[in-house]
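>>> got a structure for you, letters missing:
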């Protein structure tokens, strides 16, 4: 993600000082939609709601997912009718197939947490142009926090622009996040990676809400994040938020990593960290492998 600028209107415009990078209207609509969906989720969190299994890998979909998704997609389609929309539960729900712009909607990242009454979930929205993420929004309904990022224009959170603090020398072992795709199951590579991280970290968080983990990393609250065959729908928004805050992201082998859509799941494994910690984290991953 190099922050390359191009002509306004194609999704890669130069960045003005407000952090919207030529996407002021897209930012406004996406933030308002995410926060409205979050208000809905928060208001229904303690209610009884329908829960269904999604596939055979332990994933679930709830009535709340569907309600929040319908709210977000309706707002996006109403304001940007020429754009495509891909949603977590409904698939491609709007827009002409030839459009260069595609919205990705994860209406409830953390559904399994919600089902067991754990208040750790977020709403995520990304805009991609030709598959490359250019806008990402993450909203945490529980704490009322919203993060947003535009490629080349920085990342912003509740306190303003996110500028990743340098981790001081001698800070001890890092706090890391971990995620794996729902279909990974008992993959021995995944087990080895996670065991290797546990051995080199103070704590490894598996929140089952990757976008929340990305936001914690972008805000400097954790030190690194490793994903193995991560889900595609929430990867672009989270990765953009983190890289615009100063996080570096690499493949498991230390090579370049791209969060663009349309790649196989084997290309969605990554190591993300503060720049000064990245070599150490890559060493941990290499040793585990």
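Perfect, I can see it now. Bear in mind the structure is a predicted one, so any value in this text is a computation, not a measurement. Residues are numbered from 1 along each chain as shown.

>>> how close does the closest residue to residue 51 other than its chain neighbours sit to residue 181?
Nearest non-adjacent residue to residue 51, counting by C-beta to C-beta, 6 or more residues apart in numbering: residue 62, 5.0 Å away. No exception for glycine: its C-beta is placed from N, CA and C like everyone else's. Separation of residue 62 from residue 181 (C-beta to C-beta, to the nearest Å): 20 Å.

>>> cool, and residue 283?
To residue 181, residue 283 is 24 Å away according to C-beta to C-beta.

>>> Which one of the two is surrounded by more residues?
Per other C-beta atoms under 10 Å, whichever of residue 283 and residue 181 has more neighbours is residue 181, with 20 against 13.

>>> for that one, what are its contacts?
Listed by C-beta atoms under 8 Å, 6 or more residues apart in numbering, the contact set of residue 181 reads 228, 229, 230, 231, 265, 268.

>>> of the residues you listed, buried ones?
Using 16 or more other C-beta atoms under 10 Å as the burial test, these include 228, 229, 230, 231, 268 as buried.

>>> hmm, which two among those are most spread apart?
Taking C-beta to C-beta, the two most distant members of the buried ones among the contacts of residue 181 are 228 and 231; they sit 11.0 Å apart.

>>> Any chance you could spot the residue sitting in the middle of this protein?
residue 238 (2.6 Å; C-alpha atoms, centre = their mean).

>>> quick one on the thing from earlier: turn the buried ones among the contacts of residue 181 into JSON lines, including distance to residue 73 and secondary structure.
Shown next, in JSON lines, are those (distance: C-beta to C-beta, whole Å; DSSP: H, G, I helix; E, B strand; the rest coil):
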{"residue": "228", "distance to residue 73": "29", "secondary structure": "strand"}
{"residue": "229", "distance to residue 73": "26", "secondary structure": "coil"}
{"residue": "230", "distance to residue 73": "22", "secondary structure": "coil"}
{"residue": "231", "distance to residue 73": "18", "secondary structure": "coil"}
{"residue": "268", "distance to residue 73": "23", "secondary structure": "coil"}
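
>>> With respect to residue 105, which of those is nearest?
residue 231 (13.0 Å).

>>> Relative to residue 182, how far out is that closest one?
7 Å.

>>> repeat for residue 64
On the measure of C-beta to C-beta, residue 64 and residue 182 end up 18 Å apart.

>>> Please identify which of the two sits among more neighbours.
Each of residue 64 and residue 182 has its neighbours counted (other C-beta under 10 Å); residue 64 has more, 24 against 17.

>>> From the structure, what's the count of residues near the closest residue to residue 69 other than its chain neighbours?
Once flanking residues are discounted, residue 69 sits nearest to residue 107: 3.8 Å by C-beta to C-beta, 6+ apart. Residues near residue 107, counting by other C-beta under 10 Å, number 30.
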